[in-house]
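[1] got a sequence here, can you build the structure:
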Amino acid sequence: MAFQTINPYTAEVVKTFENATPEQIDTAIAGAHEAFLSWKNEPVEKRAELLGRAAAELRANSRRYAKILTLEMGKLISEAEAEVELSANILDYYAKFGPSHLTPRYLPADGFGDTDVALVNEPLGVLYAIEPWNFPFYQVIRISAPQLMAGNTIVLKHAANVPQSALAMEQLYRDVGAPEGLLTNLFASHDDTDRILADARIRGVALTGSERAGSAVAATAAKHLKKSTLELGGADAFVVLADADIEKAARWAAFGRHWNAGQVCVSSKRLIVVDEVADKFLEEYKKHVSELVAGDPMDPATTLAPLSSQKPADDLAAQVEKAREEGVTVEIIGAEVPEKGAFFQPLMLTDIPEDSATAHTEFFGPVTQFYRAKDEDDAVRLANNTPYGLGGSVFSQDIARAQKVARRIDTGMVYINQPTGVKADIPFGGVKNSGYGHELIDLGIKEFVNQKVVVVTDIDGSF
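    The predicted structure is shown next:
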């Protein structure tokens, strides 16, 4: 597995990096452990100050950081700048609220005083973070901000096609005064995972990636009795009820399916529309998709980026071909895309058999699955007909009704009248094959802390 920067727009190989040697792996873990032994004793206020400085650094050099994202995985420069700002927001959130999230919790235990039984939050140690390419900064900040705030340290294995993004995140913390070893990038191969997780100094692993990768890492972590969190794939349902604002829903659907070129775990992948309004919705949706402009992701006029590399484009084409073999109707719905670069033509899949592989597959790119639902109950049934459970949306002008429908969808997050969103102060996590565990807010910070019980008593004798 070569760590390479390959420009998805030009296919130019920009830079190649060597895989980590066993000696480099041992050195990285040792350095992270040494950093932990001192970092865990730093006052939470000092940790918070570091995160605040990192947020300021990202904002001060937003364009420079954004260009790295666009170079390595092809996202629109406007989307790249938005990712930098989101990352800064997460750092700011933990700089502001991290200390309060870590304060002891006192339990009202029978026979004890108000502060005699405490739950204190102590860091575990070195964490192994395995992160994907689709949001190269956000994914790293989403795990590092809360865990560095908690007092842990991190060894990072980033995706092979975003090595410069990984180095930029490592350098970010150095530039704002982090001690050496606080976040250490490691160009580790997949084969190194067992070796790394077997090390007693590694206390947990957080992975964002595919089902296959998540299953393998979780099994390895379990073998070594290490805590794990997984954020895996998604096939979010975008449910449109009969009383929805159809033009608004169609506009949001086009955005939700095609932002970041459709390479988002919480992209609006399955449009489920009540039959009564399906034709009107389709007309509006196709109109919005046809207005997308594929081209140079550095050009502000471009609204549809290339995929991260040619291989994902080829894999997506193979998935579409399998769908055709299952009898699925495949329709071109967008303007033509350039032949040069890793672009993929926007497509729509209809007439999808409910028991087909297509109905249970995640299409990671600008391919829309469309389902007609007979009514609200049928829409909920179709929404739950998936092995995934990450995000989802419900569109209705009756908010109370939409909230009730949202509660019936078996997924980790549901947004009303917009696609599944990502914000610094809203938790993120899924169920079923989309993984387990949460990131962000207090839920994320406590995934890798020891909530230790400390009891004070003056009682004489035995229990």
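[2] how about the helices in the stretch 1-150 of the chain?
    Applying DSSP state H, counting those that start in this stretch to the stretch 1-150 of the chain gives helices spanning 22-39, 44-60, 62-73, 77-101, 138-150.
[3] out of the ones you listed, nearest to Gly181?
    helix 22-39 (3.1 Å; C-beta to C-beta). No exception for glycine: its C-beta is placed from N, CA and C like everyone else's.
[4] ok, residues contacting that closest one?
    With C-beta atoms under 8 Å, 6 or more residues apart in numbering as the test, helix 22-39 has contacts from 20, 47, 123, 125-126, 148, 151-155, 179-182, 184, 186, 188, 192, 195-196, 199, 201-202.
[5] from those, which would you call buried?
    Neighbour-count burial (16 or more other C-beta atoms under 10 Å) is assigned, among those, to 20, 47, 123, 125-126, 148, 151-155, 179, 181-182, 184, 186, 188, 192, 195-196, 199, 201-202.
[6] wait, doesn't Ala54 sit right on Ile90?
    No - the pair Ala54 / Ile90 is not scored as a contact, 9.9 Å apart, by C-beta atoms under 8 Å.
[7] returning to that earlier point: ranking the helices of the stretch 1-150 of the chain by burial, who's on top?
    Among these, ranked by average contacts under mean count of other C-beta atoms under 10 Å, first place goes to helix 138-150 (a mean of 27).
[8] that helix: what's the following helix or strand?
    On the C-terminal side of helix 138-150, the closest following helix or strand by DSSP states H and E is strand 153-157.
[9] that next one packs against which elements?
    helix 22-39, strand 126-130, helix 138-150, helix 163-175, strand 183-185, helix 193-198 (3 or more C-beta pairs under 8 Å, 6 or more residues apart in numbering; DSSP states H and E).
[10] just the helices in the stretch 151-300 of the chain please.
    Counting by DSSP H, counting those that start in this stretch, one finds helices in the stretch 151-300 of the chain at the ranges 163-175, 193-198, 211-223, 246-258, 275-290.
[11] just name the most buried of the ones you listed.
    Ranked by mean neighbour count under mean count of other C-beta under 10 Å, the helices of the stretch 151-300 of the chain are led by helix 246-258, which reaches a mean of 22.
[12] now do that one against helix 275-290, angle only.
    Counting by axes from the mean of the first three to the mean of the last three C-alpha atoms, to 10 degrees, helix 246-258 lies at 50 degrees to helix 275-290.
[13] helix 246-258 packs against which elements?
    By 3+ C-beta pairs under 8 Å, 6+ apart, helix 246-258 packs against strand 237-240, helix 275-290, strand 392-395.
[14] what comes into contact with the next helix or strand after the second one?
    Looking back up the chat, that one is helix 275-290. Next helix or strand after helix 275-290 toward the C-terminus (DSSP H and E): helix 310-325. Here helix 310-325 makes contact (C-beta under 8 Å, 6+ apart) with 8, 11, 263, 306-307, 330, 342-344, 347, 349, 352, 356-358, 361, 363-365, 367.
[15] can you check stretch 2-19 too?
    1, 71-74, 160-164, 187-189, 296-297, 305-310, 340-342.
[16] distance between that stretch and the chain's centre?
    23 Å (C-alpha atoms, centre = their mean, to the nearest Å).
[17] buried stuff in it?
    Phe3, Gln4, Thr5, Ile6, Asn7, Pro8, Tyr9, Phe17, Asn19.
[18] now swap in stretch 439-449 and tell me
    So, applying 16+ other C-beta under 10 Å, buried residues of stretch 439-449: Glu439, Leu440, Ile441, Gly444, Ile445, Lys446, Glu447, Phe448, Val449.
[19] and stretch 100-109, by the same measure?
    Within stretch 100-109, the residues that qualify as buried are His101, Leu102, counting by 16+ other C-beta under 10 Å.
[20] got it, and stretch 340-359?
    Gly341, Ala342, Phe343, Phe344, Gln345, Pro346, Leu347, Met348, Leu349, Ile352, Thr358, Ala359.
[21] same check on stretch 404-413?
    In stretch 404-413, counting by 16+ other C-beta under 10 Å, buried: Val405, Ala406, Ile409, Thr411, Gly412, Met413.
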